[in-house]
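Q: sequence and computational prediction follow.
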Amino acid sequence: MQEVEELPAVWDSLWVNADLATMAAGGERYGAVPDGAIAVDKGRIAWIGTRGDLPGEPAALARTVQDMEGRWITPALIDCHTHLVYGGNRAA
């Protein structure tokens, strides 16, 4: 039998009602998890899954709960590029 890590009584934050792109292989494209939730504790992801699989009511599980209103949460999706025509300092 595999030992299961005990969930904390209260996470630092919990995002609910989000579509998650987990990039997990198999299943949905991009590892999509519709109506998902992500819990963070001490700066690290502590739990991820569907909102229906949360081990309790969101308000009882985290100090802050953020309703994402169906928005997507993606892992490290950063578009940090520029074009040659904009070469030089564009701070102003």
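A: Sure, I can see it.

Q: rest of the way, CA atoms for contacts and neighbours
A: Will do.

Q: residue 24 contacts residue 33, correct?
A: No. Taking Cα atoms under 8 Å as the definition, residue 24 is not a contact partner of residue 33, at 9.8 Å.

Q: more neighbours: which of the two?
A: Set residue 24 next to residue 33 and count neighbours by other Cα atoms under 10 Å: residue 33 wins out with 23 against 12.

Q: show me where pLDDT drops low in the protein?
A: 1-9, 77-92 (pLDDT under 70).

Q: quick one: the strands in it, in order.
A: 11-21, 32-41, 44-50, 62-67, 72-73 (DSSP state E).

Q: so which other helices or strands are in contact with the shortest one?
A: Identification of packing neighbours for strand 72-73 by 3 or more Cα pairs under 8 Å, 6 or more residues apart in numbering; DSSP states H and E yields strand 11-21.

Q: so what strands line up beside the strand it packs on?
A: strand 32-41 (antiparallel), strand 62-67 (parallel), strand 72-73 (parallel) (DSSP bridges).

Q: of the strands of the chain, which approaches residue 56 most closely?
A: Among the strands of the chain, the nearest to residue 56 by Cα to Cα is strand 62-67 (10.2 Å).

Q: CA atoms of that closest one as PDB?
A: Extracted in PDB, the C-alpha atoms of strand 62-67 (Å, rounded to 0.1, in the frame of the first residue of the first chain):
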ATOM      1  CA  ALA A  62      -7.300  27.800   2.300                       C
ATOM      2  CA  ARG A  63      -6.600  31.200   3.800                       C
ATOM      3  CA  THR A  64      -7.500  32.900   0.500                       C
ATOM      4  CA  VAL A  65      -9.700  31.500  -2.300                       C
ATOM      5  CA  GLN A  66      -9.700  33.100  -5.700                       C
ATOM      6  CA  ASP A  67     -12.500  32.300  -8.200                       C
END
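
Q: buried ones in that strand?
A: Across strand 62-67, burial judged by 16 or more other Cα atoms under 10 Å covers 62, 65-66.

Q: now the most centrally placed residue in the chain: how far from residue 49?
A: Nearest to the geometric centre of the chain sits residue 38, at 4.5 Å (Cα atoms, centre = their mean). According to Cα to Cα, to the nearest Å, residue 38 stands 7 Å off from residue 49.

Q: sweet, I'm off.
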